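[1] have a look; sequence and predicted model below, questions after that.
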Amino acid sequence: MTAILLDCVREEMYVENCQSISVGHDALLQAEKSCQSSLFWSEGVLDLVELILRPPKGGPPTLPEDSDANIVLSALNLYRFVLITESTGKTNSTGVLSKNNLNKAYNEWLLPLRTLVTGIKAENKNDYDQIVVDMVCAFNPVELVLYRCIELVEEKLKQ
């Protein structure tokens, strides 16, 4: 259920972004101002992503439970979407592009998650039990989006 809600947030952000682009350049400036006060285009979206990628009890999310992999994938996709959209739109209404938030995401969310995912995959590398194979396969999309997020953040930190 949480994964669906995260995808709904991403979809609402996408719709708002498309509407602001389609109204034209003059209205775009006004739309950007309204997006900054929007429920979705605010720093709250980073809090939502952090809630999943760094739960209140600390550390990376609990994996390898299948439902958690889907939730983590949705959170990573939301983060990637916001990062790309804010970068290409030359805005920072969510605060995602601030050096502080980029460092926090990199060091507290992405790197610990990468360690966890690669560790789980390495542990189960030679286990051919069908359940384990299915679990490891479920991590493939998580790993792909995670590495793309890491690349994007590293690129932004270099600028």
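    Happy to help now that I have it.
[2] pull the residues that contact stretch 125-145.
    With Cβ atoms under 8 Å, 6 or more residues apart in numbering as the test, stretch 125-145 has contacts from 63-64, 66, 69-70, 72-73, 76-77, 80, 117-118, 120-121, 124. The C-beta positions use only the backbone N, C-alpha and C, and glycine is treated the same way.
[3] show me what counts as buried in the lengthiest helix in the chain.
    Ranked by residue count, the top helix of the chain under DSSP state H comes out as helix 130-158. For helix 130-158, the neighbour count (16 or more other Cβ atoms under 10 Å) marks 132, 135-136, 138-139, 142-143, 145-146, 149-150, 152-153, 156 as buried.
[4] just to revisit the earlier point, pick out the lowest-pLDDT one from the contacts of stretch 125-145.
    Lowest in pLDDT among the contacts of stretch 125-145 is Asp66, which has 47.
[5] mind checking how far Glu151 is from Ser98?
    As judged by Cβ to Cβ, to the nearest Å, Glu151 and Ser98 stand 19 Å apart.
[6] all helices of the protein, in order?
    Under DSSP H, the chain gives helices at 2-22, 25-36, 44-53, 66-88, 99-104, 111-123, 130-158.
[7] the first one to helix 66-88, inter-axis angle?
    Pointing back at helix 2-22 there. Interaxial angle of helix 2-22 relative to helix 66-88 (axes from the mean of the first three to the mean of the last three Cα atoms, to 10 degrees): 20 degrees.
[8] helix 2-22 versus helix 44-53: what angle between them?
    Using the same axes, to 10 degrees: helix 2-22 against helix 44-53 is 150 degrees.
[9] centre of the chain versus helix 2-22, how much separation?
    13 Å (Cα atoms, centre = their mean, to the nearest Å).
[10] output that helix as CSV, nothing but the C-alphas.
    Provided in CSV are the C-alpha atoms of helix 2-22 (Å, rounded to 0.1, in the frame of the first residue of the first chain):
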residue,chain,number,x,y,z
THR,A,2,2.8,2.4,0.8
ALA,A,3,4.4,1.8,-2.6
ILE,A,4,1.2,2.7,-4.3
LEU,A,5,0.9,5.9,-2.2
LEU,A,6,4.5,6.9,-3.2
ASP,A,7,3.7,6.3,-6.8
CYS,A,8,0.5,8.5,-6.4
VAL,A,9,2.7,11.3,-5.0
ARG,A,10,5.1,11.0,-7.9
GLU,A,11,2.2,11.0,-10.4
GLU,A,12,0.7,14.1,-8.8
MET,A,13,4.1,15.9,-9.0
TYR,A,14,4.4,14.8,-12.7
VAL,A,15,0.9,16.2,-13.5
GLU,A,16,1.6,19.5,-11.7
ASN,A,17,4.9,19.8,-13.6
CYS,A,18,3.3,19.1,-17.0
GLN,A,19,0.6,21.6,-16.4
SER,A,20,3.1,24.3,-15.5
ILE,A,21,5.1,23.6,-18.6
SER,A,22,2.1,23.5,-21.0
